[in-house]
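>>> attaching a predicted model along with its sequence, questions to come.
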Number of protein chains: 2
Amino acid sequence: MTHTRSDVIRAAGRLFAERGYHATSMRALGRELGLLGSSLYAHISSKEELLVAVVEEGARLFQEAAAVPEGATAEERLRSLMRGHLEVMLENPHQVRTFLSEARSLDDPHRARIIAARDQYEAVFRAVVGQGVADGSFRPEVDAKTSSIFILSTLNAVDRWYDPH
Amino acid sequence: MTHTRSDVIRAAGRLFAERGYHATSMRALGRELGLLGSSLYAHISSKEELLVAVVEEGARLFQEAAAVPEGATAEERLRSLMRGHLEVMLENPHQVRTFLSEARSLDDPHRARIIAARDQYEAVFRAVVGQGVADGSFRPEVDAKTSSIFILSTLNAVDRWYDPH
DNA sequence: GGACATACCAAACGTTCGTTCGCTAATCTG
DNA sequence: CAGATTAGCGAACGAACGTTTGGTATGTCC
């Protein structure tokens, strides 16, 4: 009945996603695990460290999902990106939601790193769409940047439209 | 150099949008207006009241924008809905962002009201898309519910893709 | 079996939070 | 001009916050 650092981080991800970082107290997080708030400090050294851990984990998941086959056609690569994005979102809802909406609560250096990671991830989509436009397989009037944002906005709202059935 | 209730609500909307409700203290809000935190209570009676005011204002703006011509074609009506949605978003960014992402910090009865208002707003989109499918002007394979959510997700991300130039 | 590490509790620390209170100075009203 | 209202200050309240500290059990390892 004992706990690890990973347990704490996982529970933190869940509460941060459900209530937001600033609305989650260390005492509430402890209660979630059947502990006192102060007992958490046996496993971690600050609340902010928890947010960093959850958000970086989210960033890592997306980054891994962006490793897309080099030789494939633009359509195949885009499909792979979209499928990967959805899989990450559906399998790790708490990290992802925290990554998407609580990154602003990070301190400056960490936030800058996360924004850079997000931009780089978006750039992969942009490049694939651009490839499709360049080789004629996508319509020529498609703007790679705008289209990528449209696609990601829709995928990020998967909670609202996806029904497992 | 004196302030009104509206001034306080407007400043609260700005800070809630930028930092989040729980990350905004009454003292910080006072500072924003050149006042002490305690002085705000001459104009309002609680912090939560401020959140309610900002969020309900956001809901009202969208609701008004959903008043769409009855006699028009589905395409015209959908275009009008989308244009209205974007105008609301671009002209009232702080209320809107607070409405979209801080509603969860409301207490139960208020949150229920806001969710109901959002669902009703979404239903207007759904009905118009459904009308277009029914009269044959939109493709028959279009699912009204899913499409509406796609449209709204993309419009809600306008900050990320719209460049005034 | 004695030293050490782990996992946690219980109490307390200093700070910040939302909010209240008594007050002052300025402005309006009759 | 007397009286009432208003906008705001400054100090204080109790509660909650993140965090520290000292202690207690329960193991583990030489």
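Here it is on my side, so go on. Numbers count the residues shown, from 1 in each chain, chains lettered A, B, ... in the order given.

>>> going forward, measure contacts between C-alpha atoms and count neighbours the same way
Noted.

>>> pull out the buried residues from the longest helix along chain A.
Longest helix in chain A, counting residues (DSSP state H): helix A:108-134. Residues A:110-111, A:114, A:117-118, A:121-122, A:124-133 are the ones in helix A:108-134 that count as buried (16 or more other CA atoms under 10 Å in any protein chain shown).

>>> close to chain B: what parts of chain A are there?
For chain A, the contact set with chain B under CA under 8 Å from any CA of the partner chain comprises A:19, A:22-23, A:104-105, A:145-146, A:149-150, A:153-154, A:157, A:160-161.

>>> buried subset of those residues?
Using 16+ other CA under 10 Å as the burial test, the residues of chain A next to chain B include A:Arg104, A:Ser105, A:Lys145, A:Ile149, A:Phe150, A:Ser153, A:Thr154, A:Ala157 as buried.

>>> closest one of these to DNA strand D?
A:Ser105 (12.3 Å; CA to the nearest atom of the strand).

>>> how many neighbours does the closest residue in space to the closest one that isn't next to it in sequence have?
Closest residue to A:Ser105 apart from its sequence neighbours, by CA to CA, 6 or more residues apart in numbering or on different chains: A:Tyr21 at 7.4 Å. Neighbour count for A:Tyr21, taken as other CA atoms under 10 Å in any protein chain shown: 25.

>>> contacting residues for A:Tyr21?
A:Leu15, A:Leu51, A:Glu102, A:Ser105 (CA atoms under 8 Å, 6 or more residues apart in numbering or on different chains).

>>> show the pLDDT at the last one.
You'll see A:Ser105 listed with a pLDDT of 96.

>>> now do it against A:Gly30, distance only.
21 Å (CA to CA, to the nearest Å).

>>> helices along chain A, start to end?
Listed in chain order, the helices of chain A (DSSP H) span A:5-19, A:26-32, A:47-65, A:74-91, A:93-101, A:108-134, A:144-156, A:158-161.

>>> list phi and psi for the residue lying farthest from the centre of chain A.
Residue farthest from the centre of chain A, counting by CA atoms, centre = their mean, is A:Gly136 at 31.6 Å. Dihedral pair for A:Gly136: phi 80, psi 0, per degrees, to the nearest 10.
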